[in-house]
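Asks: Have a look at this prediction, sequence included:
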Amino acid sequence: MLRTLLSLCLTSALLSMPLVAAEKPNVVFIAIDDLNDWIGCLGVHPQAKTPNMDALAARGTLFTNAHCQAPLCNPSRTSLLTGLRPGTTGVYALAPFFRTSAPIADRDTIFQHFHKNGYATLSGGKIFHGGYPPNKADGDAEMVDTWMKKARGMAKPGKKFVETPAKIALMDWGVFPEKDEDAFDYDVASWAIDRLKSPPKGPFFLAVGFQHPHVPCYAPQKYFDLYPEATLQMPGVKDDDRADLPRFADYMHWKLPEPRLKWLKEHNEWKPLVRAYLASISFVDAQVGRVLEAIRASGLEKNTIVVLWSDHGWHLGEKGITGKNSLWERSTHVPLIFAGPGVARGSKCHRPAELLDMYPTLAELCGLPAKAGLDGHSLVPQLKDANAPREWPAITTHNRGNHGIRTEKWRYIRYADGSEELYDVETDPHEWANLASDSKYADVKKDLAKHLPKNDAPPVAKSSGRIFTFDNGVPVWEGQPIGPKETLPED
Ligand SMILES: [Ca+2]
Ligand SMILES: [Ca+2]
């Protein structure tokens, strides 16, 4: 009798296990590379056409004041995947891969935290910074259970469309390829769709990383047709905008592999670049749409949390530059959308949010144990009620000791030499008037400065690619000291 009972209990326990597991929501984690805040539902560029991202926001919660932790791929992705600020990781530059970098080499990424709690983890396209981890095929099973096999890479036309100076040789923009099917991101979406058609048993965490609108800004003709050049609205730019900046601001992007506004204007390429960037956004939106449709068609939608984010923003002429690498809104402000079980529908949250909040948020939404030692905070209160208070600002760090602090009203920047910027973004959304030297804002600055990160770790060994240091009063860009009389390059 006892044996029968025990056996019944065991059978029932075994039977209930898959049921319990199946009740855990899945996660589809959609990353977009270098997408600034030009998506339809954010309304920052009034002509941006992203119907699929807008539809996701309509069935979920859109964070309208979300910011990256670093305005550059590798440090931003390292931060959000480990849940730690750049000042904690010491990863500030394009290299090295954080897994080789003490003191965080052994930190569990969000993938590993989900894996250890019973999730199958899958990753396709660009999730870790390009090329990382280096040995997906054999050595990285501990990082992610299933990797997309190496994709064919970004297709390139035979000849560049735009003749750019050598130092910005990677940059190009124009109509290419002819069909969606010939672009790298199409393959990434197709891989994700296949996984959704035959998902792993039990709950899964599926990461899908798109590369557009990262340069080169290529897209098929139909996406350019969405943005006729004659009626294209250009971003707001003030000619003498840099006049009230401290010199230290220049050091954040001393040399860039992207063109400055001066070069674009002189070569009549400003408008074509803006148009190509918008076309690339609409192209990637179409690929996002294919994945969202596969989630719906597979019947997984009701039990799947979708989160969509971009790793940082992108300037298109504002403050005289294109690209990222700054602590201003254009570089830091990113789309962040959650949808699915546990998330309010059709909701917009204006509280500051940070990309590294995704780690604790997703863990909480999925009922996983909280991971100790994370720098971010769960957004679950705001996902239930967009008006729920939040005591923390959003903080962006670019190289050691340079931080931007964003609240609902203010942006405060403190550079490593102590120089400052302050903008009232409620009344000055372009961040044109630097108020930092006005004594009437001394208390505002003091309050904001209380949020400066506690850790300012030195760069990890072998840091390279956009690395800037300021030691013993000497500014050094990628190993070369910047002389006191040198001026910011203009091409
Ligand atoms: Ca990026
Ligand atoms: Ca200004």
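Replies: All right, it came through fine. Ligands and ions are numbered 1, 2, ... in the order given.

Asks: And the residue in the chain that ligand 1 sits nearest to, how far from residue 415?
Replies: Relative to ligand 1, the nearest point of the chain is residue 73 (3.6 Å; C-beta to the ion). Placement of C-beta: from N, CA and C, glycine included. Using C-beta to C-beta, to the nearest Å, one obtains 22 Å as the distance from residue 73 to residue 415.

Asks: Which residue is the nearest non-sequential neighbour of residue 102?
Replies: In space, and not counting its chain neighbours, residue 102 is closest to residue 460: 7.2 Å by C-beta to C-beta, 6 or more residues apart in numbering.

Asks: Check which element follows the helix or strand that contains residue 187 along the chain.
Replies: For residue 187, the element it lies in under DSSP states H and E is helix 184-197. Of the helices and strands lying after helix 184-197 in sequence (DSSP H and E), the nearest is strand 204-213.

Asks: Give me the sheet partners of the following helix or strand past that next one and which way each runs.
Replies: Scanning forward in sequence from strand 204-213 by DSSP H and E, the next helix or strand is strand 217-219. Within its sheet, strand 217-219 is paired with strand 173-175 (parallel), according to DSSP bridges.

Asks: If you count neighbours, what's buried in the strand it pairs with?
Replies: Using 16 or more other C-beta atoms under 10 Å as the test for burial, strand 173-175 gives 173, 174, 175.

Asks: And stretch 474-484, by the same measure?
Replies: 475, 476, 477, 482.

Asks: try stretch 191-209
Replies: Applying 16+ other C-beta under 10 Å to stretch 191-209 flags 191-193, 195-196, 199-200, 203-209 as buried.

Asks: Repeat that for stretch 41-58.
Replies: 41-42, 44-45, 48-50, 52-57.

Asks: Please convert those residues to a markdown table, extending it with secondary structure, pLDDT and distance to residue 315.
Replies: Shown next, in a markdown table, are the buried residues of stretch 41-58 (DSSP: H, G, I helix; E, B strand; the rest coil; pLDDT from 0 to 100; distance: C-beta to C-beta, whole Å):
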| residue | secondary structure | pLDDT | distance to residue 315 |
| --- | --- | --- | --- |
| 41 | helix | 98 | 21 |
| 42 | helix | 98 | 16 |
| 44 | coil | 98 | 13 |
| 45 | coil | 98 | 13 |
| 48 | coil | 98 | 16 |
| 49 | coil | 98 | 21 |
| 50 | coil | 99 | 19 |
| 52 | helix | 98 | 25 |
| 53 | helix | 99 | 21 |
| 54 | helix | 98 | 23 |
| 55 | helix | 98 | 28 |
| 56 | helix | 98 | 25 |
| 57 | helix | 98 | 24 |
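
Asks: Distance to ligand 2 for the residues you listed - can I get that in CSV?
Replies: Formatted as CSV, those follow (distance: C-beta to the ion, whole Å):
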residue, distance to ligand 2
41, 28
42, 23
44, 19
45, 21
48, 25
49, 30
50, 29
52, 36
53, 31
54, 32
55, 37
56, 35
57, 31
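
Asks: re earlier: what are the contacting residues of the helix holding residue 187?
Replies: 28, 122, 124-125, 146, 148, 151-155, 180, 204, 206, 208-212, 283-284, 287-288, 290-291, 294-295, 298, 300 (C-beta atoms under 8 Å, 6 or more residues apart in numbering).

Asks: List the contacts of the residue positioned nearest the centre of the chain.
Replies: Compute the mean C-alpha point of the chain, and by C-alpha atoms, centre = their mean the closest residue is residue 311, 1.4 Å away. Taking C-beta under 8 Å, 6+ apart, we find residue 311 in contact with 31, 32, 33, 34, 68, 73, 76, 77, 80, 334, 355.

Asks: Can you tell me which of those residues are buried?
Replies: Looks like the contacts of residue 311 have 31, 32, 33, 34, 68, 73, 76, 77, 80, 334, 355 buried, using 16+ other C-beta under 10 Å.

Asks: Which residue comes closest to the residue in the stretch 51-200 of the chain positioned nearest to ligand 2 once chain neighbours are left out?
Replies: Of all residues in the stretch 51-200 of the chain, residue 71 sits closest to ligand 2, at 18.3 Å by C-beta to the ion. Leaving aside its sequence neighbours, residue 71 sits nearest to residue 331 (C-beta to C-beta, 6+ apart; 3.9 Å).

Asks: tell me the phi and psi of the one you found?
Replies: phi -90, psi -30 (degrees, to the nearest 10).

Asks: ditto for the one 4 residues further on
Replies: Reported as degrees, to the nearest 10, the phi and psi values for residue 335 are phi -70, psi 140.
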